[in-house]
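A.B. asks: Whatever this is, show me its structure:
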Amino acid sequence: MKNKKSALDYMWILSITYFSLGFFNILFAWLGLLCFLTPIIISLLGGGKSYCNTYCGRGQLFNLFGSKLKLSRNKNMPKFLKSKYFIYGFLTFFLTMFAIMLFNTYLVFANASNLKEVLTLLWTFKLPWKVANTSIASPWIYQFAFGFYSMMLTSTILGLITMLLFKPRSWCVYCPMGTMTQLISKAKYNPNK
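C.D. replies: Numbering: from 1, shown residues only. Here you go, the predicted model:
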């Protein structure tokens, strides 16, 4: 008996669409906030990690590439990548990078800094990028878009590397959004643990 596919099985298309739209117009990077806020809202409303397990297009994309296209080595992750120290350390690092991105956006908003039209990969490597017209919106809106798209691109590249080296959804083990939703669920349903 064949498994019946539902629309939820194609959420990976949203991930590809997001990066494609952002490539053509950086302002589409703002759509990534849906991937950032939705898991937190679902978890706060009692859905636990259902976003990660059912709706996450990125996890589905890694599963598609790793399992269906057989691009994964399908090896177990080293123990240190699954340790609480690494998982919470990566969450802290990720949130720090997010706070720096927000601060840079604020500086542009407050006219204390100029718009930096730059995408970075792994928070270090500058990618060649030029926006044809930045007069459509305020400079701070562009600044946020560049920073957020850089973070989404970086986390996707990290997930792809992890998928290639280990099991397809290895990224999900240390994904900052998954870690945050797990912390919310623990605090909400097991406050004494």
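A.B. asks: Quick check, central residue of this protein?
C.D. replies: Residue closest to the average C-alpha location in the chain (Cα atoms, centre = their mean): M152, at 4.6 Å.
A.B. asks: Is that one within a helix or a strand, and which one?
C.D. replies: helix 139-165 (DSSP states H and E).
A.B. asks: which helices and strands sit right next to that helix?
C.D. replies: helix 12-24, helix 57-63, helix 84-109, strand 119-121, helix 171-174 (3 or more Cβ pairs under 8 Å, 6 or more residues apart in numbering; DSSP states H and E). To be clear about C-beta, it is placed using only N, CA and C from the backbone, and glycine gets the same treatment.
A.B. asks: Of the ones you listed, which is nearest K49?
C.D. replies: helix 171-174 (9.4 Å; Cβ to Cβ).
A.B. asks: centre of the chain versus the closest one, how much separation?
C.D. replies: Helix 171-174 sits 11 Å away from the centroid of its parent chain (Cα atoms, centre = their mean, to the nearest Å).
A.B. asks: Contacts for that helix next, please.
C.D. replies: Residues outside helix 171-174 that contact it (Cβ atoms under 8 Å, 6 or more residues apart in numbering) are 52, 56, 58-59, 62, 77, 81-82, 86-87, 90, 155, 158-159, 162-163, 178.
A.B. asks: next structured bit after it?
C.D. replies: Taking DSSP H and E, what comes next after helix 171-174 is helix 176-189.
A.B. asks: okay but A29 is in contact with F148, surely?
C.D. replies: Yes - counting by Cβ atoms under 8 Å, F148 is a contact partner of A29 at 4.9 Å.
A.B. asks: Compare these two (neighbour count), which wins?
C.D. replies: A29 (26 against 22; other Cβ atoms under 10 Å).
A.B. asks: Spit out the contact partners of the closest residue to L64 other than its chain neighbours.
C.D. replies: Using Cβ to Cβ, 6 or more residues apart in numbering and skipping the chain neighbours, the partner closest in space to L64 is W12 (5.5 Å). Contact partners of W12, counting by Cβ under 8 Å, 6+ apart, are G57, R58, Q60, L61, N63, L64.
A.B. asks: do that again at 7 Å, thanks
C.D. replies: G57, Q60, L61, L64 (Cβ atoms under 7 Å, 6 or more residues apart in numbering).
A.B. asks: try F90
C.D. replies: Y174, P176.
A.B. asks: Which of the three states applies to K130?
C.D. replies: Three-state assignment for K130 (DSSP: H, G, I helix; E, B strand; the rest coil): coil.
A.B. asks: If anything else comes up later, I'll come back, but that's it for now.
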